[in-house]
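Chemist: Got a predicted structure plus its sequence, pasted below:
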Amino acid sequence: MRIRFERQHGFSLIELAVVLVIIGLLLGGGLAAFTATTEQARRAEQKRQLQHIREALYGFAMVEGRLPCPDDLDDATAPDPDGTEDRSGSPAACDTDVGALPWVTLGLGRRDAWNNPLIYQVEPDYADDDPAPGDDASSFAFSDSATITVVDGNGDTIVNGTPAVVVSAGPQGEQIWVGGALKCPGASGAAANGFSDDETENCNGDDNYVESAYRGADAATGRFDDMLIWVPDHVLKARMVDAGRLP
């Protein structure tokens, strides 16, 4: 009696290669989708945090009669940044106009959604003690005006004069916060390491900031993933009136 054997066919190298390519494409697409979803979640979290920060700034002003000073990154007496506002003198004045958000002073968390400190700039007249207090119970008055400006990606003015602004540099924050210091790529004319001009504007320490829609690295004007909020002057003063800090 003859026993009949059937030949067993395995996968050829070409078939295996095709399968591996398909698996690689599926994994790559899934990873890209996961990365995009994670980034969207972080931006949503950061938006909420910035809103909380603005309310905390209002609250501090209504209690103290002024906005907090930045955390001075050149403070030699404490780790930088240590989260507390730095001011000195009599009457007291901010040691710097631009530094880290004083999260300890405000009772907030230290880091943004990408685990970096936040940039904070304040108008001195709104944070320094009034050298000649008047009838108001605030360090600033209705007549005071701010010079910090915010423009959009086209250079059009969004707000001309805000007392304070807070910036999260997004995923590129680790290139800005180096060794506890604020290093702004491109601010000194050196290579910007992928920073767009708009992003450099938000960390160079002057009175001008840019708020724009999210742009990827392939955008004609360069990437923009910063997120920021500011304190509208009229809203701050209205809150101070409600708190009895301004007449």
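Modeler: Yes, it's here.

Chemist: Tell me the spacing between the spatially most central residue of the chain and Gly24.
Modeler: Residue closest to the average C-alpha location in the chain (Cα atoms, centre = their mean): Ser168, at 1.1 Å. For Ser168, the distance to Gly24 (Cβ to Cβ, to the nearest Å) stands at 35 Å. Placement of C-beta: from N, CA and C, glycine included.

Chemist: returning to that earlier point: spit out the contact partners of the residue nearest to the centre of the chain.
Modeler: 46, 49-50, 112-114, 116, 118-119, 226-228 (Cβ atoms under 8 Å, 6 or more residues apart in numbering).

Chemist: Quick check: it vs Gln49, distance?
Modeler: In terms of Cβ to Cβ, Ser168 sits 8 Å off from Gln49.

Chemist: Give me the common contacts of those two.
Modeler: Counting by Cβ under 8 Å, 6+ apart, the common neighbours of Ser168 and Gln49 are 112-113.

Chemist: how far does the lowest-mean-pLDDT helix or strand in the chain sit from the chain's center?
Modeler: Using mean pLDDT, DSSP states H and E, the weakest-scoring helix or strand in the chain turns out to be helix 13-64, at a mean of 82. How far helix 13-64 lies from its chain's middle: 16 Å, per Cα atoms, centre = their mean, to the nearest Å.

Chemist: Let me know the next secondary structure element after it.
Modeler: Sequence-wise, the next helix or strand downstream of helix 13-64 (DSSP states H and E) is strand 87-88.

Chemist: Not counting the following helix or strand past that following strand itself, show me its contacts.
Modeler: Elements were assigned by DSSP H and E; along the chain past strand 87-88, the next helix or strand is strand 93-94. Strand 93-94 is contacted from outside by 69-70, 85-87, 122, 124, 127-129, using Cβ under 8 Å, 6+ apart.
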